[in-house]
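Novice: For reference, the sequence and a predicted model appear below.
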Amino acid sequence: MKPPEAPATGPEGREPGSAPAVSVCANGPLIETLQNRPDFLRAASARRQGTPAFLLQARRRGEGEITNPALVRVGFTCSKKVGNAVARNRAKRRLRALARAVLPLGAMPGWDYVLVGRADATATRDFAAMKAELARALAQIHGAAR
């Protein structure tokens with residue numbers, strides 16, 4: 001008996017025709033990844049909410065910005081204080097997983113978010129605790145925004 005063949009993938013390792021860098025949730029907003037330094041700098045000068053495992057920076061995008069107002073944008077960063085490249089990449093992977101789990105439920109369209117990793121905490125803290133902290137941080141930021 002011959003094993004079934006694996007589906008073909010494109011050069012990026014995705015199925016042909018699948019969309020990159022934008023997440024679509026059935027009951028949540030479109031989520032896009034921040035990639036430009038000016039976007040990170042604008043978020044850094046806006047609202048902040050600290051947690052034991054990470055820092056959340058958030059800002060409402062202006063009316064004149066050329067982006068979809070229904071879009072939520074999120075960025076991830078870890079400085080060298082977090083550790084070597086392996087430690088920073090592990091921390092960013094955990095922050096991306098955290099954002100995929102929580103942002104569709106608590107993020108508001110038209111906002112940019114940046115999750116900043118903390119040394120010795122982002123890579124080791126309990127993931128369930130981090131999810132609760134992000135939900136609480138989003139609620140505090142949006143409570144102050146209204």
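Specialist: Here it is on my side, so go on.
Novice: For residue 137, the count of nearby residues, please.
Specialist: Close neighbours of residue 137, defined as other CB atoms under 10 Å, add up to 23. In this view, the C-beta of every residue, glycine as well, is placed from N, C-alpha and C.
Novice: now residue 47
Specialist: When neighbours are counted by other CB under 10 Å, residue 47 registers 18.
Novice: same deal with the one 10 residues further on?
Specialist: Other residues near residue 57 come to 22 when the count uses other CB under 10 Å.
Novice: That one: which element?
Specialist: If you go by DSSP states H and E, residue 57 is part of strand 54-60.
Novice: pLDDT averaged over that strand, what's the number?
Specialist: If you average the pLDDT over strand 54-60, you get 93.
Novice: In contact with residue 58, which residues?
Specialist: 43, 46-49, 111-114, 138, 141 (CB atoms under 8 Å, 6 or more residues apart in numbering).
Novice: Help me confirm that residue 102 comes into contact with residue 138.
Specialist: Yes. The pair residue 102 / residue 138 is scored as a contact, 7.2 Å apart, by CB atoms under 8 Å.
Novice: before we move on, the earlier item: which of the contacts of residue 58 tops the neighbour count?
Specialist: Neighbour counts for the contacts of residue 58 (other CB under 10 Å) peak at residue 113, which has 27 neighbours.
Novice: Per-residue pLDDT of that one, please?
Specialist: Looking at residue 113, its pLDDT is 94.
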